[in-house]
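# Sharing a model prediction with you, sequence too.
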Amino acid sequence: MQFEFHAIDTLPKLAWCAQITRNNPIVRVVHGPWVETADDFVCEGAWNGEFSKGQFPDAFVYMGSGARLTDSGVLFSSPSHTVERLHVIEMGTRTLVSNSLAFLLVQADDWCDTRYMFYIHDLTSVMKGLKEYKRKIPTAKGNSVLIFYYCNVLIRPDLSLTQLEKRCPKPFQTYAELYDFLRTGIAALHQNAMDPLRKVSYSPLTTISSGYDSPAASVLAVSIGCKDAVTCTQARPGFQSFDDSGREVAKLIGLAVSEFDRHAYLHRDDFPEADFMAAGTGGEDVVMVAFEKLLPGKLFFTGYGGSFWDRNYDKSCRNFERRDASGNSLAEYRLRLGFIHVPVPYIIGVNLPSSNAISNSAEMHPWCTGNGYDRPVARRIVEERGVPRHLFGQQKKAISQPFSQLPLSTIMSKRSYEDFKAFSTNLPLFANWTGASFFSLMKLLYDLNFWINWKVRAAFERLGIFFELDPIIPDRFKHPVTVYALTFHWSLSKIKPRYTITSMKTKSRDLQRADGSGS
């Protein structure tokens, strides 16, 4: 098999979509101008390995996506985290794969189903971990989009598909081993991102706050020469302290920090929410709009996934269960601007049982706080860099903007809300009264089932017996269906034009170096 590349300057910088036709040796890849191409691989992102060899499917640390030719077929790789995913659609004699859901649907001449109200529920199910997330979503034409996280996907010439597990490093025995894996992995990632053979290179930029996760990520970023950080001055309402700026920590670890308002997106009139809602995970990372001018061409360090190094994290398997979907709505925004996202806690999250054991070991006791917000690995990383304990990690805060919790009219930018209201007016939440009645019945049964389970658990807990008992009714009926469900459909309609290609010509892989690449 061999690649045939079609570079389209008008596409989002890092978007790509591959088409494999049954028993056809040509794998056609349409891609944006910053996607890296070679004879035997195509990729965006960086990994802990030599760039020219393109061995990202075998990397322990891969921040991006791509495909590599093998003797068996084409091996597609997702990143080493569950903040982004691969999308696959099988259509008879051809299969399409993309790092963008919108791009995949446009190339398949298909679209989301305006009668289906559970896309956000399905795509945020990744919070349940790799074993229980929703693995496919429906389309308007009756197809299904397959969703893949933290894996490799082999597609053979006959279009048969096999999901393969990623390689996992050996378990960590001590904090020193864990920290060395983080430090060397990030150093190798940086070296790959700055490789002179690249079309585009990426210099480091980090987020920093008053919490645990981004300060620890920033200390590691400083170790590879990062000099700049971004921070939001305030957390969202609901916390004891609204001040979430990491300015004091940044100063102590040698970073120049730029402070921004988390509400910056509200002052835009170019539908800023669409990039984030189009990922189908709620759009809460829209506050990152504030950093937009600084992000192109950056290796962008964040603390997303911080619960993985929480001492009280009680998951025992390498499954990536999480408490929220923070970080997951960055995907389309990242592809458009052109930056590599590095959610640092995921790097040890791939070995969660051993990293959690270290967090709870006697060795780490001096860095434990003993409360519900206790992340000794992150605390040790930051404190050993000379930052006093009282300056960070005192209470849990967040800057993200959950759109499901408040009226959309109060948390969407004015033009976006007006456009969304016009879009949703003619789209009923249910096709007919039968659908609405069925949902109401299932919602009632779910609530009843939940109440019974709660009573049963409480009775057994009085006897000293503890166990989980999930409702037998699908949790898609947990919450009422509101107009919020249509934000996904609206956002896809807003970004669809960027993936509509009016003309296309084949280009060789050795394209000229992109302007403004951050090199």
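Great, that's in hand.
# For the residue in the chain sticking out farthest from the centre, list the residues it contacts.
For the chain, the residue at maximal distance from the C-alpha centroid (C-alpha atoms, centre = their mean) is Leu463, at 41.6 Å. Residues touching Leu463, when contacts are defined by C-beta atoms under 8 Å, 6 or more residues apart in numbering, are absent altogether. (Each C-beta comes from the backbone N, C-alpha and C, glycine too.)
# Next: the one 3 residues further on.
With C-beta under 8 Å, 6+ apart as the criterion, the residues that contact Phe466 are 457, 460.
# cool, Ile186 as well?
Residues near Ile186 by C-beta under 8 Å, 6+ apart: 61, 220-221, 223-224, 342, 344, 347.
# Are we agreed that it is in a helix?
Yes - judged by DSSP: H, G, I helix; E, B strand; the rest coil, Ile186 forms part of a helix.
# Would you mind measuring from the residue nearest the centre of the chain to Pro345?
What sits nearest the mean C-alpha location of the chain, by C-alpha atoms, centre = their mean, is Val83, with 2.0 Å. Distance of Val83 to Pro345, given as C-beta to C-beta, to the nearest Å: 11 Å.
# For the longest helix seen in the chain, buried residues please.
Of all the elements of type helix in the chain, the one with the most residues (DSSP state H) is helix 433-461. Judged by neighbour count using 16 or more other C-beta atoms under 10 Å, the buried positions of helix 433-461 are 439, 443, 446, 449-450.
# now do stretch 342-354
Using 16+ other C-beta under 10 Å as the test for burial, stretch 342-354 gives 342-352, 354.
# do the same with stretch 54-71
Quick answer for stretch 54-71 (16+ other C-beta under 10 Å): 54-57, 59-69.
# Closest one of those residues to Val377?
Val61 (16.8 Å; C-beta to C-beta).
# Please, where are all the helices along the chain?
Using DSSP H, helices in the chain cover 101-107, 119-123, 175-193, 213-222, 247-253, 273-277, 331-337, 346-349, 352-359, 376-383, 408-411, 414-425, 433-461, 487-495.
# Measure how far the fourth one is from the centre of its chain, please.
Pointing back at helix 213-222 there. Relative to its chain's centre, helix 213-222 lies at 19 Å (C-alpha atoms, centre = their mean, to the nearest Å).
# Could you do the first one as well?
The chain centroid and the centroid of helix 101-107 are separated by 18 Å, computed with C-alpha atoms, centre = their mean.
# for the record, mean pLDDT for that helix?
Per-residue pLDDT values across helix 101-107 average out to 97.
# what's next to that helix, contact-wise?
With C-beta under 8 Å, 6+ apart as the contact definition, helix 101-107 has outside contacts at 11-12, 15-17, 19, 30, 87-89, 96-98, 111-112, 139, 145, 278-280, 332, 492, 495-496, 499-500.
# Val342 contacts Met63, doesn't it?
Yes - here Val342 lies in contact with Met63, judged by C-beta atoms under 8 Å, at a distance of 5.1 Å.
# shared neighbours of these two, which are they?
Counting by C-beta under 8 Å, 6+ apart, the shared contacts of Val342 and Met63 are Leu189.
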